[in-house]
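[1] got a structure for you, letters missing:
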């Protein structure tokens, strides 16, 4: 008997700026890369904060992952679990697998905090009086990371040569710079992101991610 | 023949506010927990930005990890590598190991960004005109995470019952709230951090981390 189909959670509705950015996309992409079918349970902004969902996700967020009684939260941990239990996202050699994993951490802990801070400036604190004065500092922090990443990538197609879980996560983080247009100043990163996004697995994941959103918010929102 | 002793990098000097916070502490603690001796190569703020160090760490940071030709960067990835190759930081059961890993990601990607933003407010942007106005927003984001984490920890000694790599990373992230004093409002988290820090492996790691700093900055700094 094969394992039951895993179930992930995703939002039923988000504002337009968040479409294509919610972290269930990362998990959908990983599942598509390894050829694992999945089900989606749609949740809304109120129900993720309720006790039932918090049993699965203590911070009241998506995505979560459930399969046959096993549950997991955090998109990074879910990605690594999928990568370690199916073929297609991690090299078999342990040293090469560790190198791939380091890029998952690099994406989420060295690059994404700067990208998220710029989102704070441009979206969540866009109406604050300090926005214009603070923005150049935030932009420079993103540029510092992109500069380093661009230098390291060089002319390689992917960070470690072959596509891994590390590229999947880095591409998702780089997608978060779209609003700022900063990536255009780093042509090899821009091409790298386009290369990652051209993968059929990403295209399927993005289409499914977008198709699951309702057009209008729930009445209670 | 046993494996060569691993070598990590750490800073020779940092300002007082950074002592006990630099990320080599995480790796030292992990190595102490598993009983793995290590060597330290001290570097300074200029040399980490030079090409030679960037081969090891593309973002010009510490720590790095080298053993017998194998190299790794990112404290999260180094922690997971140590945890997977030695006993003491991950349960043997794969599902329990995945649960521990999810707390490493939770610490670094759900809790630490908020903690780091408050450090931005209080240290790196302390002289900016928006500091006082922006601080309450940043404090509230940290409180939201601490509240959720406190509820999930409940009266357990560690996040998954037994001490794992996830507790090691979460404790290091919670240490980052020391300046703000916010943890005092969450007695179970305060006790949890004290419990983690009372571990002999942490005490040895912290002592070694602090002992390696020069008292005065290099002349060029």
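    Nice, thanks for sending it over. Since we're looking at a predicted model, the values are computed, not measured.
[2] Can you list the helices and strands that the helix or strand bottoming out on mean pLDDT in chain A packs against?
    Of all the helices and strands that make up chain A, helix A:51-56 has the lowest average by mean pLDDT, DSSP states H and E, namely a mean of 93. Contact analysis of helix A:51-56 by 3 or more CB pairs under 8 Å, 6 or more residues apart in numbering or on different chains; DSSP states H and E lists strand A:64-67, helix B:131-153 as its packing neighbours. C-betas here are computed from N, CA, C, even on glycine.
[3] Just name the most buried of those.
    Neighbour counts (mean count of other CB atoms under 10 Å in any protein chain shown) averaged over each of these peak at strand A:64-67, with a mean of 21.
[4] So which residues of chain A form helices?
    A:24-34, A:51-56, A:75-85, A:94-105, A:112-119, A:131-153, A:165-175, A:187-197, A:200-211 (DSSP state H).
[5] residues making contact with the second one?
    Residues lying outside helix A:51-56 but in contact with it, judged by CB atoms under 8 Å, 6 or more residues apart in numbering or on different chains, are A:9, A:43, A:47, A:60, A:64, A:66, A:71, A:73, B:148, B:151, B:152.
[6] and those, which two are the farthest apart?
    The two members of those with the most space between them (CB to CB) are A:66 and B:151, at 20.6 Å.
[7] mind giving me the domain ranges of chain A?
    With domains defined by automatic domain parsing, chain A comprises A:7-88+A:203-211, A:94-199.
[8] out of the ones you listed, which comes closest to residue B:211?
    When the domains of chain A are compared by CB to CB, domain A:94-199 sits nearest residue B:211, at 26.6 Å.
[9] Residue A:185: neighbour count?
    12 (other CB atoms under 10 Å in any protein chain shown).
[10] rewinding a little: pull out the buried residues from the least confident helix or strand of chain A.
    Buried residues in helix A:51-56, counting neighbours by 16 or more other CB atoms under 10 Å in any protein chain shown, are found at A:53, A:54, A:56.
[11] just to revisit the earlier point, would a markdown table of the domains of chain A with distance to residue B:202 be doable?
    Shown next, in a markdown table, are those (distance: least, CB to CB, whole Å):
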| stretch | distance to residue B:202 |
| --- | --- |
| domain A:7-88+A:203-211 | 23 |
| domain A:94-199 | 21 |
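[12] and of those, who's closest to residue B:141?
    Minimum separation from residue B:141 across the domains of chain A (CB to CB) falls at domain A:94-199, 9.4 Å.
[13] can you tell which of the helices and strands packed on helix A:51-56 is closest to residue A:134?
    Of these, nearest to residue A:134 by CB to CB is helix B:131-153, at 8.0 Å.
[14] and stretch A:42-62, how far from the chain's centre?
    18 Å (CA atoms, centre = their mean, to the nearest Å).
[15] Flag every buried residue along that stretch.
    Buried-residue list, stretch A:42-62, by 16+ other CB under 10 Å: A:43-44, A:47-48, A:53-54, A:56-62.
[16] Can you pick out the most distant pair from those residues?
    So, the buried residues of stretch A:42-62 by CB to CB: farthest apart are A:44 and A:58, at 18.3 Å.
[17] Count residues in the vicinity of residue A:29, would you?
    27.
[18] measure it to chain B for me?
    Using CB to the nearest CB, to the nearest Å, residue A:29 is found at 17 Å from chain B.
[19] Counting neighbours, what do you get for the nearest residue to that residue once chain neighbours are set aside?
    Spatial nearest neighbour of residue A:29, excluding adjacent residues (CB to CB, 6 or more residues apart in numbering or on different chains): residue A:205 at 4.0 Å. Using other CB under 10 Å, the number of residues around residue A:205 comes to 22.
[20] again, but for the one 3 residues further on
    The number of residues packed around residue A:208, counting by other CB under 10 Å, is 18.
[21] Show me where chain A dips below the pLDDT cut-off.
    A:1-2, A:220-221 (pLDDT under 70).
[22] of the domains of chain A, which approaches residue B:93 most closely?
    domain A:7-88+A:203-211 (10.7 Å).
[23] What is the end-to-end distance of the closest one?
    The straight-line separation of the ends of domain A:7-88+A:203-211 (CA to CA, to the nearest Å) is 17 Å.
[24] for it, the distance to its chain's centre please.
    10 Å.
[25] what do you get for stretch A:198-205?
    For stretch A:198-205, the distance to the chain centre is 14 Å (CA atoms, centre = their mean).
[26] Also stretch A:101-109?
    Chain-centre distance of stretch A:101-109: 11 Å, with CA atoms, centre = their mean.
[27] can you check stretch A:181-199 too?
    Counting by CA atoms, centre = their mean, stretch A:181-199 comes out at 16 Å from the chain centroid.
[28] Stretch A:158-172: which residues count as buried?
    A:158, A:159, A:163, A:164, A:165, A:166, A:167, A:168, A:169, A:170, A:171, A:172.
[29] Quote the end-to-end distance of that stretch.
    Per CA to CA, the first residue of stretch A:158-172 is 14 Å away from its last.
[30] neighbouring contacts of that stretch?
    Stretch A:158-172 is contacted from outside by A:23, A:25-26, A:29-30, A:33, A:76, A:79-80, A:83, A:89-91, A:96, A:99-104, A:106-108, A:111, A:149, A:152-153, A:157, A:192-193, A:195-197, A:199, A:202, using CB under 8 Å, 6+ apart.
[31] And for stretch A:75-86?
    With contact meaning CB under 8 Å, 6+ apart, stretch A:75-86 is reached by A:8, A:23-24, A:26-27, A:30-31, A:34-36, A:63, A:65, A:72, A:89-90, A:100-101, A:104-105, A:108, A:164-165, A:168-169, B:98, B:101-102, B:104-106, B:109.
[32] Buried members of the residues you listed into PyMOL, please.
    A single PyMOL command is used to select the members of these judged buried by 16+ other CB under 10 Å:
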select buried, (chain A and resi 8+23+24+26+27+30+31+34+36+63+65+72+89+90+100+101+104+105+108+164+165+168+169) or (chain B and resi 98+101+102+104+105+106+109)
